[in-house]
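Trainee: What shape does this take:
(chains A and B)
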Amino acid sequence: MKTEIQGKNSSGRSLSWKLAIMAVGMFAFGFLVLPPLYDVFCEVTGLGGKTNSSAAEVEIEADESRQIRLEFVTTVNEYAPWEFRAKTDGITVNPGVLYDATFVAKNLAAKSKIAQAVPSVAPQQAARYFKKLECFCFTTQEFAPGEEKQMPVRFIVDSDLPDYIDTITLSYTFFDTERLSDNSSELSHNTHSTQ
Amino acid sequence: MSSAVTAANEHDHDHHGPAKGLKRWLYATNHKDIGTMYLVFSGLMFFTGGFMALIIRSELFTPGLQFVAPNFFNQMTTMHALIMVFGAVMPAFVGLANWMIPMMIGAPDMALPRMNNWSFWILPVAFSMLLATLFMPGGAPAGGWTMYPPLVLQTGDAFPFLIFSVHLMGLSSIMGAINVIVTIINMRTPDMTLLKMPMFVWTWLITAYLLIAVMPVLAGAVTMLLTDQFFGTSFFLAAGGGDPVMFQHIFWFFGHPEVYIMILPAFGVVSEIIPTFARKPLFGHDSMVYAASSIAFLSFIVWAHHMFTVGMPLTGQLFFMFATMLIAVPTGVKVFNWTATMWKGAMTFETPMLFSLAFLFLFTIGGFSGLMLAVVSSDIQYHDSYFVVAHFHYVLVPGSIFAIMAAVYYWLPKWTGHMYNEKLGQVHFWLSTIFVNVTFFPMHFLGLAGMPRRIPDYSTQFTDFNSIASIGAIGFGLSQLLFVYVVIQCVRKQGAKASSEVWEHPKGLEWTVPSPAPYHTFNDPPKVAAEVAFS
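Mentor: Below is the predicted model of the structure:
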C-alpha cells in the first residue's frame, strides 16, 4: 500500500508543476499579453474612441455630396494650471477633404510645463474614419511660464464613414506630463494635504 | 463500511498524535489542523469585516454626516469588501475543502501538506498588512475594492501595501487550489471514479481550476498599477498612452470568475446537505456536474456586464448581455435539481437544512436581480446604485455565507464528536434569515429609486429604507455572536455525543469514520460501498 501511495506522489508532483506553470502562464497572459492585445483591438475597432497617434496616410477623394458636423471638446485633466480651448466650437466638413483646426493653450503656472494632449472621438464607430495628418497630440508640447500657443491639427474624415453618422465629436484632454514622470511623490503629497 | 473504520483504527499506532502547543499550529501539515485554522481565521475576518459594515450602516442610519468623515467611510466600504471576499468567504471554503475533501475521497491527507501550511500562514501576514494600512498616513485604500485607476493611484502610503497584500492573497489561493486539484486527481480511493465523487468535491475541483486561471490575472493587473505608480509605466494613464478602461477589462476578467469561486463550493455544500435531510439521493448528480462546469466556462466570457456604462459597441453589449443570461440556464438546472431532490422526500428541518433551504430561496432572489442587471438597457440605470449592492449581498450573504454556516452545522459534530445545541442553532437561523432580509431587501428599492452606492450621505427621501437596513444590519451582526456561542459550546464538548453517522444515514465516506474524526483517517484506501456511493 505504501508503495502505491509513493507512486501516486510522483505523478502528483508532475501535476503540481503543470498547475504551477499554468498559474505563471496566466500571470504572463494578464501582464504581458492582454495590454498590447487591448491596444491592437482598440486601434482596429476604434474602441474607446482611440484614433491614430502618428501621422496617417490618406487618399484625398472629396465627397461634396455629404456634410458632417464636427464638434470640438476640450478638457484639462484634474486641476492642472492650463487654459485650453478650441478656436471654434466646431465646423462642418465634407468627407475626403483636408481641414485645419486650431486649438489654443496657455500655461497659467509660473514655471515651464510640458503637456500631452490625448484625443478621443465619439461615436467610437467614427474613430477609424477620423484621420489626423498632423496633430499637436503626436508629441508633447513645452510651454514657458505664461506662454500661450496656437496648436494646429490637420485631419481628414474618410469618405467610407458609415452613413448613419452625421456628427463627430473630437475631444482633447490636456495632461500635465510632470505627473507622469514624478507622479508618485506628487500624488501622495496631494493625498496628504487634502486630509 | 465498518471494515474501513477498523482499518483506519488499526493503523493509528503508526502515527503520533498532534504535536503539543503552538508548534502544532505553526508547523501544521495535518489537513484537519489546517482546515481548522482556515475556518477560525475566516471567522475572525468575518467579524472584522462585519464591524466595518456596521460602521457603514451606522453612518447611513440617517442622512447627513454623523460619525465618520467621508474619506474614512470610503476606506470602510473598500476594506469591508476586500476583507469579506478574500479574508472571510474564500478562506472559509478553503478550510472546508481541507477538512472534508480528503475525508470525502478516502485520502489520508492533502497531497501537498507542507505547501498547505504555507498557503495558510501567508494569509495572516497578508491581512495584517492590509489592516495596518488603516493607521498609515493617507489612511487605508478608499477607492473601492475594484481598485480602479486613476482613483486608486491617489491612495496614500497604503498603496504598495494594498498591492502586496493582494499579491499574497492570490499566492495563497493559487497554492491552495493546486493542492486541491492534485489531491482530488491523484488521491481518490481506487474505486471512486470521477463521476462517483460527491458534489462538494466536484464543485471544489472546478473552483480550483477557476482560481488558477484568474488569480494570476488579478496579480498582473495590480502589478501594472504598481508599476504605473512607481516605475513610470503608463498601462492605465491616458497621458502616457494608456487606458484606465483596460484595467476594468482585466479586473473583471478576474472578477467574474471570482464570484463563481465564491459560490460554486456553496453549491457543493448545499448538494451534500439537502439529500441528507430529504433522505433521498441528489437528483441528477451528473447534470449537476455538467451545470457547474458550464457555469465555470461561461464565467470567462461575461466580464464586460460589470462595465456596460464605459461605452462599448452595441454588438459587444448584446453579446455580454446574452452570454450573461445564458448562465441562468445551468444555474436553473441546479436549483430545480435541489428542488427535485426534496420532492416526496422524508424531510426534517435541522439547522443545516434550514440554512440550505434559505440558501435556495434567497440565492435565487439574488440570481434574479442579477438577471435584471444583465439587461443592458436597464443596467445603465441600475449601474453603481444600491440595487447592485442588494444583488451581490443577496448572493454572498444568504448565498455563500449561509452555505458556509450550513456546512459548519452539518459537519461540526463530525469535527468535534459532539452535537451542537439544536435549539440555539435554529434560533440563530431564524434571526439571521429575518435580519438578512431586513438589511438587504430595502436596498433594492433604494437602488431603483436612484441611491448611488459608496456614499456616506444621501438625499432625505432615502431615509426610511436606509434606517430599516441599518437596523437589520445591527440585528444580523449581533445574531452572529450566537453562532460563535453555539460553535464554542460544541467545540467544548457540551452537547450529546455524536455517532459516526451523526445524521440519519447520510451518504459519503466522511460518515464512515468515528466522530470526532481521528487525527489520521484513511491510511488505507477505503472501499466505496454501494450505500455510500452517489450514482
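
Trainee: from here on, contacts and neighbour counts on C-alpha atoms
Mentor: Fine.

Trainee: where does chain B have low pLDDT?
Mentor: The model of chain B has pLDDT under 70 over residues B:1-16, B:529-535.

Trainee: Where is the longest helix in it?
Mentor: helix B:199-230 (DSSP state H).

Trainee: buried stuff in that helix?
Mentor: B:199-226, B:228-230 (16 or more other Cα atoms under 10 Å in any protein chain shown).

Trainee: Pick out the residue of the stretch 51-200 of chain B closest to chain A.
Mentor: Proximity of the stretch 51-200 of chain B to chain A (Cα to the nearest Cα) peaks at B:G156, 5.1 Å away.

Trainee: which residue packs closest to that residue, ignoring adjacent ones?
Mentor: B:G138 (4.4 Å; Cα to Cα, 6 or more residues apart in numbering or on different chains).

Trainee: B:F61 now?
Mentor: B:S467 (4.6 Å).

Trainee: Now do the buried residues in stretch B:60-67.
Mentor: B:L60, B:F61, B:T62, B:P63.

Trainee: circling back to that earlier point, show me which of the buried residues of helix B:199-230 neighbour chain A.
Mentor: Contacts with chain A within the buried residues of helix B:199-230, counted by Cα under 8 Å from any Cα of the partner chain: B:212-214, B:216-221, B:223-224, B:229-230.

Trainee: all strands for chain A, in order.
Mentor: With strands called from DSSP state E, chain A shows them at A:68-76, A:82-86, A:90-93, A:98-107, A:113-122, A:130-135, A:141-143, A:148-157, A:167-176.

Trainee: quick one: low-confidence ranges for chain A?
Mentor: Judged by pLDDT under 70, the stretches of chain A that qualify are A:1-10, A:179-195.

Trainee: hmm, 50 instead?
Mentor: For chain A, the stretches flagged by pLDDT under 50 are A:1-7, A:183-195.

Trainee: Confirm for me that A:I165 is in contact with A:A126.
Mentor: Yes. At 7.4 Å, A:I165 and A:A126 qualify as touching, with contact defined as Cα atoms under 8 Å.

Trainee: Please say which of the two ends up with more neighbours.
Mentor: Of the pair A:I165 and A:A126, A:A126 is the one with more neighbours under other Cα atoms under 10 Å in any protein chain shown, namely 26 against 12.

Trainee: who's in contact with that one?
Mentor: Each residue near A:A126 by Cα atoms under 8 Å, 6 or more residues apart in numbering or on different chains is listed here: A:G46, A:G49, A:L161, A:P162, A:I165, A:I168.

Trainee: Please name the residues that touch the closest residue to B:W145 other than its chain neighbours.
Mentor: Excluding the flanking residues, the one nearest B:W145 by Cα to Cα, 6+ apart is B:T78, at 4.8 Å. Under the criterion of Cα under 8 Å, 6+ apart, the neighbours of B:T78 are B:P141, B:A142, B:G143, B:G144, B:W145.

Trainee: Name only those of those that count as buried.
Mentor: B:P141, B:A142, B:G143, B:G144, B:W145.

Trainee: Cross these against helices and list the overlap.
Mentor: Filtering these for helices - DSSP H - leaves nothing at all.

Trainee: Could you list which of these belong to strands?
Mentor: Among the buried ones among the contacts of B:T78, no member lies in strands (by DSSP E).

Trainee: Kindly reformat those residues as TSV containing distance to B:M321.
Mentor: What follows is those, written out as TSV (distance: Cα to Cα, whole Å):
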residue	distance to B:M321
B:P141	32
B:A142	30
B:G143	27
B:G144	25
B:W145	24
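
Trainee: which ones are touching the residue at minimal distance from the centre of chain B?
Mentor: Closest to where the C-alpha atoms of chain B average out (Cα atoms, centre = their mean) is B:V89, at 3.3 Å. B:V89 sits next to B:S42, B:M262, B:S400, B:I401 when contact means Cα under 8 Å, 6+ apart.

Trainee: Make TSV from those and add distance to chain A to it.
Mentor: TSV is the format used below for the contacts of B:V89 (distance: Cα to the nearest Cα, whole Å):
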residue	distance to chain A
B:S42	24
B:M262	19
B:S400	25
B:I401	28
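
Trainee: Looking at those, which are in helices?
Mentor: Cross-referencing these against helices under DSSP H gives B:S42.

Trainee: In contact with residue 159, which residues?
Mentor: Using chain A. Neighbouring residues of A:S159 by Cα under 8 Å, 6+ apart: A:E61, A:A62, A:D63, A:P95, A:G96, A:Y129.

Trainee: Can you look at chain B instead?
Mentor: B:F159 neighbours (Cα under 8 Å, 6+ apart): B:P141, B:V152, B:L153.

Trainee: do B:N117 as well
Mentor: For B:N117, the contact set (Cα under 8 Å, 6+ apart) comprises B:Y27, B:A28, B:T29, B:I34.

Trainee: let's go with 6 Å and repeat that
Mentor: Taking Cα atoms under 6 Å, 6 or more residues apart in numbering or on different chains as the contact definition, B:N117 lies against B:A28, B:T29.

Trainee: about what we covered before: okay, the residue nearest to B:W145 and B:G144: tell me how far apart.
Mentor: 4 Å (Cα to Cα, to the nearest Å).

Trainee: Any residues of chain B in contact with chain A? List them.
Mentor: B:G138, B:Q154, B:G156, B:V182, B:I212, B:P216, B:V217, B:G220, B:Q229, B:F230, B:A239 (Cα under 6 Å from any Cα of the partner chain).

Trainee: Now the third one. Its backbone dihedrals?
Mentor: In this entry, B:G156 is assigned phi and psi values of phi -70, psi -140 (degrees, to the nearest 10).

Trainee: I'd say A:P81 and A:A105 touch.
Mentor: No. Here A:P81 does not reach A:A105: they are 10.4 Å apart, not a contact under Cα atoms under 6 Å.

Trainee: Nearest residue to B:W252 in space, ignoring adjacent ones along the chain?
Mentor: Per Cα to Cα, 6+ apart, closest to B:W252 is B:W303, 5.2 Å.

Trainee: Repeat that for B:P160.
Mentor: Using Cα to Cα, 6+ apart, the nearest residue to B:P160 is B:L226, at 6.9 Å.

Trainee: Can you give me the distance of that neighbour to B:F236?
Mentor: 11 Å.

Trainee: What of B:A97?
Mentor: B:A97 sits 37 Å away from B:F236 when distances are taken as Cα to Cα.

Trainee: again, but for A:K131
Mentor: According to Cα to Cα, A:K131 and B:F236 sit 24 Å apart.
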